[in-house]
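**Student:** Give me a 3D structure for the following:
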Amino acid sequence: MSGTAKLTVPDIQLSAQELSFGEVICGQCCFKVVQISNPTTIRVKWSYSPPGKKRTEKTTKSWWQRKESSPPAPVPTPVVFNMAPTSGVMEPGDCYNAVIYFTPTQGKQYKEEVRLSVENSYMFHAIRLQGSGIEPRLDFPSGEITLGPVLPDNVVEADIVVSNPMPFPIEFYSLEFDQQYLQEEKILRWAKGYDNNEV
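**Tutor:** All right, here's what the predicted structure looks like:
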C-alpha cells in the first residue's frame, strides 16, 4: 500500500513591500494600511518584529558578576514606526488590514525595515518604510531690539515681525507676557507646600 502527501509551507502575501509616509510634523502621526492575506490551504500564524529589535542572549553569570561587568543601560530609542496588530492567525483565503504608524520625533529622514515572520516557516516578509520629520520653526529678527530711554510710569513699544516659513500653522506664546499665568504663579507661591522647584 502506498500513498502520497502534499507538503504545504505556511506563507502570507502583502499588498505592499515599501511605504513612503512623506513629510510629517514631529509629534504628529501618519498611518498607512497594508493588506495581509493567506494564499495557502492551511491556517497561518504570523507575527511582527519591530525595527531594530535584537534577540536577547542568555548568560550563566551570577547576578553580582553581571552587575559589575555590565555597562550602563542605553537610553531607549524612540519608536517612530509601529504596527497594529502585531500578530494574527489567518484561515485559508483570509485577508485583513494592518495599520503601520509613523510618528517622527526629530526633524530628519527615517528609513527602517519591519519584518513579518510566519510560524513553522523559514520565510519572512519585509516592508521598507521611509518618512521625514519636520520640526516647527519660526523666523525672528536677528540682532538686538533697542527701545531707547523711557520715563518712569511710561510705556514704550517696539514691533517685532515673526514669520512662519513652514507650510502649516504654528502657535507660539511667551509665558513671561501671559498675565493670567503670572497671576496664577503668584497665587501658587503663596500656597502652602509650593516652593521654587514648583513642588
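**Student:** all strands for this protein, in order.
**Tutor:** For the chain, the strands defined by DSSP state E occupy 13-14, 18-25, 30-37, 44-49, 81-84, 87-90, 95-102, 109-118, 124-134.
**Student:** how distant is the shortest one from the center of its chain?
**Tutor:** Relative to its chain's centre, strand 13-14 lies at 25 Å (C-alpha atoms, centre = their mean, to the nearest Å).
**Student:** just use 18 as the starting number from now, easier for me
**Tutor:** From this message on, residue numbering opens at 18, which makes the last subject strand 30-31.
**Student:** What strands flank it, and is each parallel or antiparallel?
**Tutor:** Strand 30-31 has the following strand partners under DSSP bridges: strand 47-54 (antiparallel).
**Student:** quick one: contacts of the strand it pairs with?
**Tutor:** 29-33, 36, 38-39, 41, 63, 105, 107, 110-120, 133, 144, 148 (C-beta atoms under 8 Å, 6 or more residues apart in numbering). All C-beta spots, glycine's among them, are computed from the backbone N, C-alpha and C.
**Student:** Can you give me the buried ones in that strand?
**Tutor:** For strand 47-54, a neighbour-count test (16 or more other C-beta atoms under 10 Å) marks 49, 51, 53, 54 as buried.
**Student:** closest to residue 201 out of the strands of the chain?
**Tutor:** Nearest to residue 201, of all the strands of the chain, is strand 35-42, at 29.4 Å by C-beta to C-beta.
**Student:** returning to that earlier point: narrow the contacts of strand 47-54 to just the buried residues.
**Tutor:** Among these, those buried by neighbour count (16+ other C-beta under 10 Å) are 29, 36, 38, 41, 63, 105, 107, 115, 117, 119-120, 133, 144, 148.
**Student:** Widest-spaced pair of the residues you listed?
**Tutor:** It's 41 and 107 that sit farthest apart of the buried ones among the contacts of strand 47-54, by C-beta to C-beta, at 30.3 Å.
**Student:** hang on, the earlier thing: relative to residue 192, which of the buried ones among the contacts of strand 47-54 is nearest.
**Tutor:** Using C-beta to C-beta, residue 120 comes nearest to residue 192 of the buried ones among the contacts of strand 47-54, at 27.0 Å.
**Student:** what's the spacing between the residue nearest to residue 147 when sequence neighbours are not counted and residue 67?
**Tutor:** Distance criterion C-beta to C-beta, 6 or more residues apart in numbering; nearest residue to residue 147, sequence neighbours excluded, is residue 128 at 4.7 Å. Noted for residue 128: a distance of 15 Å to residue 67, by C-beta to C-beta, to the nearest Å.
**Student:** what's the longest helix in the chain?
**Tutor:** Longest helix in the chain, counting residues (DSSP state H): helix 196-207.
**Student:** what mean pLDDT does stretch 147-156 have?
**Tutor:** Average pLDDT, stretch 147-156: 92.
**Student:** again, but for stretch 104-118
**Tutor:** Stretch 104-118 comes out at a mean pLDDT of 93.
**Student:** backbone phi and psi for the closest residue to residue 150 other than its chain neighbours, please?
**Tutor:** Residue nearest to residue 150 in three dimensions, not counting chain neighbours: residue 121, with 2.8 Å by C-beta to C-beta, 6+ apart. Main-chain torsions, residue 121, degrees, to the nearest 10: phi -70, psi 150.
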